[in-house]
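Student: Predicted structure and sequence below. I'll ask about it afterward.
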Amino acid sequence: MQIPLHTIDENKIFIKWRDIKIEPSSEEHAHRHNYFQFMFLEKVSGTHNIDFETHAATNESVHFVGKGRVHTVDFCTDVTGGVLLFPEAIFSNSISDMKLLSSLSFFKNGAHPVLELTTADFHSINALLEKLKTSLDTSAFDLCKHLLFALLIQVRDIYNQSGSNIISKEEPQELVQYNQLLKEHCRTWNSVEDYTAAIGISTSRLTNFCKEAYGKTALQILHSRKLLEAKRMLVYTEKQVKEIAYDCGFDDVAYFNRFFKKHTNCAPLTFRKNH
């Protein structure tokens, strides 16, 4: 069994809005998406679990679900709010678009995915969101895209000022490439040198970039990504440990067990049992 993946054609450029409706008898299962989710909540109670961290859902807040992150919501039925959906491909038209995506740290693994808003910020964001929602039905797509980007920039600036941002300045292009390659190859590329060869940079230089941006080495970031994928498969699939080890790029199951225990202080099967 695989972790359910909700998909929309990744090559299709789209912006979609849907209201959140929770049915009394519904039960949501953990899943991931191949697109980004921007969850705007006016009135809500309950919890939102994103990659093994449970966050309280509060009124006048924004929840960010990056592409590929595993999550599940447990909201009460009287929720008022909705979700914006859009693909990574929407940022592919220009270098400036890609830089905007890189600056949206709230979509990255390890970033705090919830932003609680002041009433003033809530109304400011909602006003722009309402323009976007109206434009989705009546206007040309280019205008909708500009409104979406304006919304993301506004939220990014509020997020950065809140102290939640894990990145204090624009990332070097080499670091952007490293993160993109991790998304694509973290299960199969096992050494930092695999990535530096593809980027065309030395290992020491990449590590310096990682330390400056995240306070971790390039190898630590690679290990964190592999560990997260292993945790996801242990909890959300029925795969055997040896299958998970192989899927994460480990030929030796015993070495995978030692790796997992070193970073979590428990064996893979114990982690599965506890979650």
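Tutor: Cool, the structure landed. Everything numeric in this text was worked out from a predicted model, so none of it was measured. Numbers count the residues shown, from 1 in each chain.

Student: In contact with K216, which residues?
Tutor: For K216, the contact set (CB atoms under 8 Å, 6 or more residues apart in numbering) comprises C210, S224. (Glycine included, C-beta is placed from N, CA and C.)

Student: what does F86 give?
Tutor: Contacts of F86 (CB under 8 Å, 6+ apart): F14, I15, K16, Y35, F36, F38, L148.

Student: quick one, helices of the stretch 151-275 of the chain?
Tutor: Taking DSSP state H, counting those that start in this stretch, the helices of the stretch 151-275 of the chain run over residues 173-185, 192-199, 203-214, 218-236, 241-247, 253-264, 268-274.

Student: To S25, which of those helices lies closest?
Tutor: Nearest to S25, of all these, is helix 218-236, at 22.2 Å by CB to CB.

Student: follow-up on the earlier one: nearest to H223, of the contacts of F86?
Tutor: Using CB to CB, these come closest to H223 at F36, 25.2 Å.

Student: so that closest one sits right up against R69, yeah?
Tutor: No: between F36 and R69 there is no contact under CB atoms under 8 Å: 9.7 Å.

Student: ok, the residue nearest the centre of the chain - contacts?
Tutor: For the chain, G66 is the residue whose C-alpha lies nearest the centre (CA atoms, centre = their mean; 2.4 Å). The neighbours of G66, taking CB under 8 Å, 6+ apart as the test, are F36, F106, F107, K108, N109, A111, P113.

Student: can you put these in a markdown table and add distance to T203, pLDDT and secondary structure?
Tutor: Putting the contacts of G66 into a markdown table (distance: CB to CB, whole Å; pLDDT from 0 to 100; DSSP: H, G, I helix; E, B strand; the rest coil) gives the following:
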| residue | distance to T203 | pLDDT | secondary structure |
| --- | --- | --- | --- |
| F36 | 31 | 95 | strand |
| F106 | 29 | 92 | helix |
| F107 | 26 | 90 | helix |
| K108 | 22 | 83 | coil |
| N109 | 21 | 75 | coil |
| A111 | 25 | 84 | coil |
| P113 | 30 | 93 | coil |
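
Student: For R205, state which of the residues you listed is nearest.
Tutor: Of the contacts of G66, the one sitting nearest to R205 (CB to CB) turns out to be K108, at 20.8 Å.

Student: Quickly note the distance from the closest one to D51.
Tutor: Computed as CB to CB, to the nearest Å, the K108 to D51 distance reads 11 Å.

Student: Same check on I125?
Tutor: 25 Å.

Student: cool, and L148?
Tutor: For L148 relative to D51 (CB to CB), the value is 25 Å.

Student: C266 now?
Tutor: From C266 across to D51, the span is 17 Å (CB to CB).
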